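Chemist: missing the sequence, but the structure's below:
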């Protein structure tokens, strides 16, 4: 059973997010909204040392703990937002905690639909990752992401061998969006329980991110990509998350491929619950931070 805080948040999300995304017309209004400012919020800048640089025409922010020593461990964090929304304050809180744990946190600001597509993202992200590998050992690097960013992190990991880059120590994927086709029949059983995600709206976002390409292309939907040879993987998902069926499927596929994968399924939790200020997110946040601290 969900906590009272989650129940109240669910009511608000159902009104302001899920219902409006129930029509193609409303989804298009959302997709075409002006993008937010991706710059770090002032509180994050005051707490940490943050630098920005351009890589292939896109920005990437490096968040470091304040201090004289350069961190010896790192996290490459890819934010969610259905490939149409900028990074949010909720992401900043988790990123801040990772920096507090002594990590350099690299936050690439990839281009968003409809102005950009997935085709521009991979060269950029591979360059950022390559630069990170020049400074930090792969064995002390985590690749993480949530929602769309979780799917993008998995797809990026699947391409690393193609560009002669090493796997990170671990993948941490929070409510990863791994199949943009949304064709898993089990999704319909979860649809009414999820107060946030609406299949109609996110399918429209998926089409724009794909730029006319087949949604089963593995760089769009890594569930159709190679599962062998990937880093150990932690999956975080709630039972009231539309992406639950595909996350379970990902767990099964990695297991069959002989990979190491942990599925942390939280009863009553919503989409990206480790990022939310709700009781259901606390165990997952603590577990993620233990993983970061043990790098």
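Modeler: On my side now, so go ahead. Just so you know, these numbers come straight off a predicted model, no measurement behind them.

Chemist: now stretch 215-226: average pLDDT?
Modeler: On average, the pLDDT along stretch 215-226 is 98.

Chemist: end-to-end on it?
Modeler: 16 Å (C-alpha to C-alpha, to the nearest Å).

Chemist: ok, now stretch 8-24?
Modeler: Stretch 8-24 end-to-end distance (C-alpha to C-alpha) = 27 Å.

Chemist: contacting residues around it?
Modeler: By C-beta atoms under 8 Å, 6 or more residues apart in numbering, the surrounding residues in contact with stretch 8-24 are 2, 26-27, 30, 194-198, 200-202, 204, 240, 270, 276, 278. In this view, the C-beta of every residue, glycine as well, is placed from N, C-alpha and C.

Chemist: so which of those are in helices?
Modeler: Secondary structure from DSSP state H places 26-27, 30, 200-202, 204 of the contacts of stretch 8-24 in helices.

Chemist: ok, of the residues you listed, which come out buried?
Modeler: 26-27, 30, 201-202, 204 (16 or more other C-beta atoms under 10 Å).

Chemist: residue 168: which of those residues is nearest?
Modeler: Nearest to residue 168 among these is residue 202, at 27.1 Å by C-beta to C-beta.

Chemist: tell me the pLDDT of the closest residue to the closest one other than its chain neighbours.
Modeler: Once flanking residues are discounted, residue 202 sits nearest to residue 82: 5.5 Å by C-beta to C-beta, 6 or more residues apart in numbering. Per-residue confidence (pLDDT) for residue 82: 96.

Chemist: going forward, the N-terminal residue is numbered 26.
Modeler: In the new count, where the first residue is 26, that last one comes out as residue 107.

Chemist: identify the residues contacting residue 107.
Modeler: With contacts defined as C-beta under 8 Å, 6+ apart, residue 107 is in contact with 172-173, 202, 226-227, 230.

Chemist: circling back: adding pLDDT and distance to residue 167 as columns, could you present the ones in helices among the contacts of stretch 33-49 in CSV?
Modeler: Output for the ones in helices among the contacts of stretch 33-49, formatted as CSV (pLDDT from 0 to 100; distance: C-beta to C-beta, whole Å):
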residue, pLDDT, distance to residue 167
51, 91, 37
52, 90, 33
55, 89, 31
225, 94, 34
226, 94, 30
227, 96, 26
229, 96, 32
